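Engineer: could you work out the structure for the sequence below:
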Amino acid sequence: MNEQTSQKSIIMKLLPFLRWFPMTSGGIRADIIAGISVAMILVPQSMGYAKLAGLPVVYGLYAAALPVVIGSMWGSSRYLHTGPVAMLSLLSAASLAPFASAGTELFIQLSIMLALMVGILRLLLGVFRLGILMNFVSHPVMMGFTNAAALIIGLSLLNTFFNVPKPDTGAFLTDFFGVFRQIGEAHWPTVLFGLATLAALHFLRKVAPSIPGVLVVVVLGTAISALIQFERTEAVSTEQITDTNVRDTLLAIVETADKLQVDSEEISEASRALKAVEPGSVDAVRIGGEIDLLRYDEALMKERLSDLRVEAHRIKLTRVEAADGSVTFRERVEGDTGPAWRLNRMTADGPVLSAGGQVVGNIPQGLPAFQLPVLNWEVLPALAPAAFVMALIGFMEAMSISRALAARHRDNLDPNQELIGQGLANIVGSFFQSYAVSGSFSRSAVAARSGANSGIFAVVSAIAVMITMLFLTPLLYHLPLAVLAAIVMSAVFGLLDLGSVVRTWKISPADGAAGTLTFLATLYMAPDLAMGVIVGVILAALLFVISTVRPRTELQGLSPDGSLAGAVSRDLPPIGETFVVIRFDASLEFMNVAHFGDAVTNAFSSSPKIRSVLVLGASINQIDASGIEKVQSLCEGLRAAGGVLMFSGLKKQVRKRMENAGLMEIIGQENLFPNKYAAIDFLMKREQEEGATEPARPADLSLGGRLRTG
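Structural biologist: Next comes the predicted model:
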């Protein structure tokens, strides 16, 4: 029977989706309803997150198909919905920005490779049961990072909201203010679409939460956009633009983009050459210098290209149609009628001008084909730290969602199995052109609220996405990008929880400082969000070390009700004249033995009358070799100075180690008490019996050289 149970356990580990069976008709019906409800959010969200990741919208749909199924089948939570999420989308875009321009073929290849790397790391963490790593990021740090990331994600979409070019300086705050300075150049119909979408989502969430608000705004936004011909673009040749200065600006954009591409290719070639020569050789130094110069030139070209695009967008053109039907464009002057035309984008065939807003446009129909990820061995090592941070952040995000839902519905949750599921979802997805995915808070919450019974709901939602890719993508052509931006903004701004930061400050100023500094560091270092997490982890680790090295140690006083409390914090009188009581709230280990020694010697030195120092041992969970040595040193030092060290309420594991080290004999059995009440009762009775006739301890022995503290 035990062998059968063991075999069943192994099978369930390998094929965890078997827990879905047996199914009931009611459960299947609930999963289908929940899956359809989630799909209504998933399709537009995935397209919006793809834009956030710097990818064409179709890659969001790819990430919302097979990875959703794999994550559900091999995960642990029956409610967690895997797929594109805002946090990982922005992290992916930020991680790849130094290596390729968003939307390019190289950028897409690197996004898919990064998904594979994230998946492998998560799978390894799960297989080796390293889910415990998430405990190294404290809750205040995670909240500080999440709040900052939500702001960054939302505000990074402002250029789409205003329909203005986004500066590309490599610093989020600089780019944000660069977008904000262009507010006068905003396309106000686009702004209206965005504001109306935010208002509609908020209204429906408050008044009619059962109605899929995301689907409503997508359908209405697409219909209105098509009806009013929101998108109005025209591909022209450079010769059709009559103004020389405008034409020169457009040609400068093309030349700078070409130069940037050349720099990128030369850097790749130089990097390959550097690997082929001996490290430290003359050739290595020469090639390294060339690479530095190329990178400097590349940074200048990126900045120039960004400035040129902003400059070109400010130029308003008027369309002029001649009697022979030919069309030209000239710079707009006062008195011109008709819509103002601006540069939309530059293509190989020439500029594309726009007099309207931006829409999703053509989405390739069909399912993603099986395709081996392209492994770029030059970039891969540089992406490894970002992949590791993405693996951990995505996992922490997924687990926080899963734990909340599991607690609410009394489900069991296996973090390591969830890591395996999320890892497989990314690995398999990368072979079908998916970028990095993780667990979604909003979609998982909708699934639980809709009555999902098992992971079947996620499979249903993925099937709905596949149907959309096969048959419905032409219907999404006129969907305004501002609507997608507003959908993402609405989702991520819902993650803002500044109240938690205030509560943390009230609970622990140190934790509050760590959370706030993480928040500020993440904002300052954006778009490199990974550095924000690293700063937060370092801060949390430093606070932990400080609290470990200097744990709470306080002399105890007697409160009016007879209980013990901190003498200093509560302004209480000492318990006795000839003894002091110390509470030490930590294990006695190498990191804090010096602090413990100082606390004991300072207490002993506080008055010449003090003869005994009682340590309340109930709060000491462990003691190591350094702790044993320190206690022995203190016992001998106090005894030489005419005093004695006592302990009360020592735990079994602490007593055991003390006995093994022979420390009990050094302390003396008469100085060990089962609890603090017995110890204090003994000391107070002794003090009363001895009375005022007891001579004070010689002052020259109070601290001096005879009291050894280690």
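Engineer: ranges for the helices of the stretch 601-710 of the chain?
Structural biologist: According to DSSP state H, counting those that start in this stretch, the stretch 601-710 of the chain carries its helices in the segments 625-640, 652-660, 663-667, 676-690.
Engineer: now the angle between helix 625-640 and the second one, please.
Structural biologist: Helix 652-660 and helix 625-640 meet at an angle of 70 degrees, taking axes from the mean of the first three to the mean of the last three C-alpha atoms, to 10 degrees as the criterion.
Engineer: quick check: mean pLDDT across helix 652-660?
Structural biologist: What helix 652-660 shows for mean pLDDT is 94.
Engineer: in that helix, what counts as buried?
Structural biologist: Neighbour counts using 16 or more other C-beta atoms under 10 Å place V654, R655, R657, M658 of helix 652-660 among the buried residues. Every C-beta, even on glycine, is put in place using the N, C-alpha and C of the backbone.
Engineer: rebuild these as CSV, extending it with distance to M390.
Structural biologist: Formatted as CSV, those follow (distance: C-beta to C-beta, whole Å):
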residue, distance to M390
V654, 42
R655, 47
R657, 43
M658, 47
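Engineer: P674: which of those residues is nearest?
Structural biologist: P674 lies nearest to R655 out of the buried residues of helix 652-660, by C-beta to C-beta, at 10.7 Å.
Engineer: okay, and the helix or strand of this protein with the least pLDDT?
Structural biologist: None of the helices or strands of the chain scores lower by mean pLDDT, DSSP states H and E than helix 2-14, at a mean of 69.
Engineer: count the neighbours of K206 for me.
Structural biologist: Neighbour count of K206, defined by other C-beta atoms under 10 Å: 9.
Engineer: give me the neighbour count for the closest residue to A273 other than its chain neighbours.
Structural biologist: Of all residues not flanking A273 in the chain, I287 sits nearest, at 5.5 Å (C-beta to C-beta, 6 or more residues apart in numbering). Neighbourhood size, I287 [other C-beta under 10 Å]: 20.
Engineer: same deal with L517?
Structural biologist: Residue neighbour count, defined by other C-beta under 10 Å, stands at 18 for L517.
Engineer: what's the one helix or strand it maps to in contact with?
Structural biologist: Per DSSP states H and E, L517 falls inside helix 509-525. Residues from elsewhere that reach helix 509-525 (C-beta atoms under 8 Å, 6 or more residues apart in numbering): 138, 140-141, 143-145, 147-149, 151-152, 172-173, 501, 504-506, 529, 531-533, 535-536, 539-540, 543, 546-547.
Engineer: in that helix, what counts as buried?
Structural biologist: For helix 509-525, by 16+ other C-beta under 10 Å, it's 510-519, 521-523, 525.
Engineer: same thing with stretch 559-567?
Structural biologist: For stretch 559-567, by 16+ other C-beta under 10 Å, it's L564, A565, A567.
Engineer: closest to I228 out of those residues?
Structural biologist: A565 (72.1 Å).
Engineer: contact partners for the residue nearest the centre of the chain?
Structural biologist: Closest to where the C-alpha atoms of the chain average out (C-alpha atoms, centre = their mean) is I393, at 4.3 Å. Residues in contact with I393, defined by C-beta under 8 Å, 6+ apart, are M87, L88, L91, F145, A530, V533.
Engineer: nearest residue to R552 in space, please, no chain neighbours.
Structural biologist: Nearest to R552 is D585, by C-beta to C-beta, 6+ apart, at 4.3 Å.
Engineer: let me know how buried that neighbour is, in neighbour terms.
Structural biologist: Neighbours around D585, by other C-beta under 10 Å: 14.
Engineer: any idea how far it is from E554?
Structural biologist: In this view, D585 and E554 are 8 Å apart by C-beta to C-beta, to the nearest Å.
Engineer: do the same with L274
Structural biologist: For L274 relative to E554 (C-beta to C-beta), the value is 60 Å.
Engineer: next: V488.
Structural biologist: 50 Å.
Engineer: do V428 as well
Structural biologist: Using C-beta to C-beta, V428 is found at 56 Å from E554.
Engineer: repeat that for I575.
Structural biologist: According to C-beta to C-beta, I575 stands 13 Å off from E554.
Engineer: also I420?
Structural biologist: Counting by C-beta to C-beta, the gap from I420 to E554 is 46 Å.
Engineer: those two: which is more packed in?
Structural biologist: Neighbour totals were compared for I420 and E554, and I420 leads with 25 against 17 (other C-beta under 10 Å).
Engineer: mind listing what's buried along the helix or strand harbouring that one?
Structural biologist: Here I420, judged by DSSP H and E, is contained in helix 415-430. Going by neighbour count (16+ other C-beta under 10 Å), the buried part of helix 415-430 is 415-430.
Engineer: before we move on, what about stretch 173-189?
Structural biologist: Those would be D175, F176, G178, V179, Q182, E185, A186, H187, P189, for stretch 173-189 by 16+ other C-beta under 10 Å.
Engineer: just checking, which of those belong to helices?
Structural biologist: The helices, defined by DSSP state H, take in D175, F176, G178, V179, P189 from these.
Engineer: quick one: pLDDT of the last one?
Structural biologist: Just to be clear, that refers to P189. For P189, pLDDT reads 94.
Engineer: which residues sit in contact with I487?
Structural biologist: I487 is in contact with P44, Q45, G48, T197, L201, V214, V217, V218, counting by C-beta under 8 Å, 6+ apart.
Engineer: out of the residues you listed, which is nearest to L650?
Structural biologist: Q45 (57.0 Å).
Engineer: related to what we said a few turns ago, quick one: which of the buried residues of helix 509-525 is nearest Q688?
Structural biologist: A510 (42.4 Å).
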